[in-house]
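>>> from the sequence below, what's the structure:
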Amino acid sequence: MSKVRNLAEIAPNIGFTEFDFYDLYRSTFEKSELGRIKKLLPLREMAENFGLVSKSLRPKLGRRSYFTPEGKVALMFLKMYTGLSCPNLMKQLNVNIHYQMFCDVMIDPTRPLTNYKLLDDIMLDLAKKLKIQQQQDLLAEMWKPYMKDLETMYTDATCYESEMRYPTDPKLLWEGIEKSYRIMCEFSSRLNLHRPRTKFLDVQKANLGYRKQRRRTKSQTRKIIRRLLDLLGKILKEIRRMEREIDGAGKLLTDREKGDLDIITKMYRQQKNHFRSKDCRESIKDRIVSINKPYVRPIVRGKEMKSVEFGAKVNNILVDGISFIEKLSFNEGTRLVHCLKMHKRLFGVEAKKVGGDTGYAGTENRDYCKANGIQASFVKRGRPFSEEKKEKDLVRRELARVRATAMEGSFGTQKEHYDLKRVKARTKLTEILYIFFGIHTANVVQLAKRVEERAQFEAA
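This is a model prediction of the structure:
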């Protein structure tokens, strides 16, 4: 018997169904929060959009998957719902029958799953095939009957920070030195050459002493940055020299090592030019702040607690408390028209009321709202309202108040309860996948609570 089998396959084979203790688990699962959540998810349609369901009649070759296509999508919702890492999620999946029913699998308790890389592979596969807007169309179509007040839309932007250390110039340069020095040593070993001489140990000792200091002067910082730049330039120069002088040497470098060297070289040039300019406030285009995550960019937020954040900048729209992703990485002031068009596509109605902060209150956005008869929450320019138009001002204030509480509340819920406060992903695609499923897991949990409250009210 295989370690994992689908519930649909094993249920008809269980004898003496009057003693089938799984019936009790099925009934309790349907009444649980996970059971209510599963009823609100179009798992089959989402799996087809991911390309997990083959439309060909020809049977697939190779070993059968442990999880069904719908189970793979459900597994991603379960991960964001629990907030567990892949190893811990696998442990819980082995012992929690409700989790197994949610993912449509049955695990033999005598032969539990042990390799958590199975879950990593599923998530990597989903990350490569994710189409955000198409998936959101499916979810909106499923959730629309449970929503109300569809003509009111709120929009705002937030940053879902990546799990990474705060970058400084010395930290970033030393990170590049460690990686490039390791590549240089292994590369020279493959070529049967002596390792090139550098001042790695001396600079390592000086860098350690600098890091131990509680307070550092500007002259001390510039001094250590100068030594780090010199050492990194020397290491990169030696690697390129060996690669150039020996025929076929470049083939001995792996694709990952070549990619790391390209990123480190670009970072080195940025830091060198920045060091020469002597302007600490200089703006660097496409500035690299992490060797492991070169796609992450610094986002200046201007907030009191965090002046700079590092992660994906996402523009969301909110309709009846349910969030949808409008765009990742953008200029929020120019996205209001796109938000309104997306709202109409998802729900099939024109928005009559719009709530947005001052970042959206540009002249073009104001003119568009006025031309289309949309009541916005923007502060009125010019003279104050007359007495007969005070009611219009009350609507504007109410939109602004609800936007401030509802939008910020949705961001806080997603970050605090659905693992989006610090996105623990290794690649850009998986980070986007986590953000997508984290947002919509928060949505479906909220909808499941509404459905349960409505059922209890009708029963009373």
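>>> wait, what's in contact with Ile432?
Residues near Ile432 by C-beta atoms under 8 Å, 6 or more residues apart in numbering: Ala127, Leu130, Ile132, Ala312, Leu328. Backbone N, C-alpha and C define where each C-beta goes, glycine included.
>>> measure it to Ile122 for me?
The spacing between Ile432 and Ile122, counted by C-beta to C-beta, to the nearest Å, is 16 Å.
>>> repeat for Arg345
Distance from Arg345 to Ile122, by C-beta to C-beta: 29 Å.
>>> which one's more surrounded, the two?
Ile122 (21 against 12; other C-beta atoms under 10 Å).
>>> the more buried one reaches Pro69, doesn't it?
No: using C-beta atoms under 8 Å, Ile122 is not in contact with Pro69, being 10.5 Å away.
>>> so where's this structure shaky on pLDDT?
Regions of the chain meeting the criterion pLDDT under 70 cover residues 1-21, 54-60, 62, 301-304, 329-334, 382-392, 460.
>>> mind naming the longest strand for it?
Across the chain, the longest stretch assigned as strand under DSSP state E is strand 308-319.
>>> and that strand, what other elements does it pack with?
Of the remaining helices and strands, those touching strand 308-319 by 3 or more C-beta pairs under 8 Å, 6 or more residues apart in numbering; DSSP states H and E are strand 152-161, strand 298-300, strand 322-328, helix 336-347, helix 390-417, helix 428-459.
>>> for Asp279, which of those is the nearest?
Of all the helices and strands packed on strand 308-319, strand 298-300 sits nearest to Asp279, with 16.0 Å by C-beta to C-beta.
>>> which residues outside that closest one are in contact with it?
For strand 298-300, contacts defined as C-beta under 8 Å, 6+ apart pick out Cys159, Arg287, Val289, Ser307, Val308, Glu309, Phe310, Gly311, Lys313.
>>> so the first one touches Val308, yeah?
If I follow you right, that is Cys159. No: under the criterion of C-beta under 8 Å, Cys159 makes no contact with Val308, lying 9.7 Å away.
>>> name the residue in the two with the higher neighbour count.
Shown here are Cys159 and Val308; by other C-beta under 10 Å, Cys159 has more neighbours (18 against 14).
>>> list the contacts of that one.
Contacts of Cys159 by C-beta under 8 Å, 6+ apart are Ile299, Arg301, Glu309, Gly311, Ala312, Lys313, Val314.
>>> how about 10 Å then?
299, 301, 303, 306, 308-314, 411, 415 (C-beta atoms under 10 Å, 6 or more residues apart in numbering).
>>> for Ser162, same thing?
Counting by C-beta under 10 Å, 6+ apart, Ser162 touches 289-290, 292-293, 295-296, 309-312, 422-425, 428, 431.
>>> report the buried members of the residues you listed.
Burial by neighbour count, judged by 16 or more other C-beta atoms under 10 Å, picks out Val289, Ser290, Lys293, Val296, Glu309, Phe310, Gly311, Ala312, Val423, Ala425, Glu431 from those.
>>> gap between the second one and Leu84?
For Ser290, the distance to Leu84 equals 25 Å [C-beta to C-beta].
>>> so Cys185 touches Arg195, yeah?
Yes: Cys185 is within contact range of Arg195, at 5.6 Å (criterion: C-beta atoms under 10 Å).
>>> hmm, back to that, CSV please, covering the helices and strands packed on strand 308-319 and showing distance to Glu141.
Shown next, in CSV, are the helices and strands packed on strand 308-319 (distance: least, C-beta to C-beta, whole Å):
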stretch, distance to Glu141
strand 152-161, 17
strand 298-300, 33
strand 322-328, 12
helix 336-347, 8
helix 390-417, 21
helix 428-459, 13
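>>> tell me the most buried of those?
Burial of those is given as mean neighbour count (mean count of other C-beta atoms under 10 Å); strand 152-161 ranks first at a mean of 23.
>>> adjacent strands (with direction) for that one?
As defined by DSSP bridges, the strand partners of strand 152-161 come to strand 308-319 (antiparallel), strand 353-355 (parallel).
>>> mind putting the ones you listed into CSV with distance to Gln213?
Putting the strands paired with strand 152-161 into CSV (distance: least, C-beta to C-beta, whole Å) gives the following:
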stretch, distance to Gln213
strand 308-319, 23
strand 353-355, 48
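>>> nearest to Met407, of the ones you listed?
The nearest among the strands paired with strand 152-161, by C-beta to C-beta, is strand 308-319 at 5.6 Å.
>>> for the stretch 151-300 of the chain, just list every one of the helices.
169-190, 200-212, 218-245, 255-277 (DSSP state H, counting those that start in this stretch).
>>> most packed of the ones you listed?
helix 169-190 (a mean of 18).
>>> tell me what that helix is packed against?
Judged by 3 or more C-beta pairs under 10 Å, 6 or more residues apart in numbering; DSSP states H and E, the packing partners of helix 169-190 are helix 200-212, helix 218-245, helix 255-277.
>>> would you format these as JSON lines with distance to Asp104 included?
What follows is these, written out as JSON lines (distance: least, C-beta to C-beta, whole Å):
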{"stretch": "helix 200-212", "distance to Asp104": "50"}
{"stretch": "helix 218-245", "distance to Asp104": "50"}
{"stretch": "helix 255-277", "distance to Asp104": "36"}
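>>> out of these, nearest to Ala442?
For these, proximity to Ala442 was assessed by C-beta to C-beta; helix 255-277 is nearest, at 33.7 Å.
>>> distance from the chain centre to stretch 246-266, please.
29 Å (C-alpha atoms, centre = their mean, to the nearest Å).
>>> how long is it end to end?
End-to-end distance of stretch 246-266 (C-alpha to C-alpha, to the nearest Å): 24 Å.
>>> need the contact partners of it.
Against stretch 246-266 from outside (C-beta under 10 Å, 6+ apart): 172-173, 175-177, 179-180, 182-184, 186-187, 189-191, 193, 232-233, 235-236, 239-244, 286, 288, 290-294.
>>> ok now stretch 357-367, how far from the chain's centre?
Worked out by C-alpha atoms, centre = their mean, stretch 357-367 lies 28 Å from the chain centre.
>>> would you mark the buried spots in that stretch?
Asp357, Gly359, Tyr360, Ala361, Asn365, Arg366.
>>> ok but the second one is inside a strand, no?
Put plainly, it is Gly359. No: assessed with DSSP: H, G, I helix; E, B strand; the rest coil, Gly359 is helix; it does not lie in a strand.
>>> surely Glu30 and Phe102 touch.
No: here Glu30 does not reach Phe102: they are 11.2 Å apart, not a contact under C-beta under 10 Å.
>>> ok, those two, which is more surrounded?
Remark: of Glu30 and Phe102, Phe102 carries more neighbours, 24 against 13, as counted by other C-beta under 10 Å.
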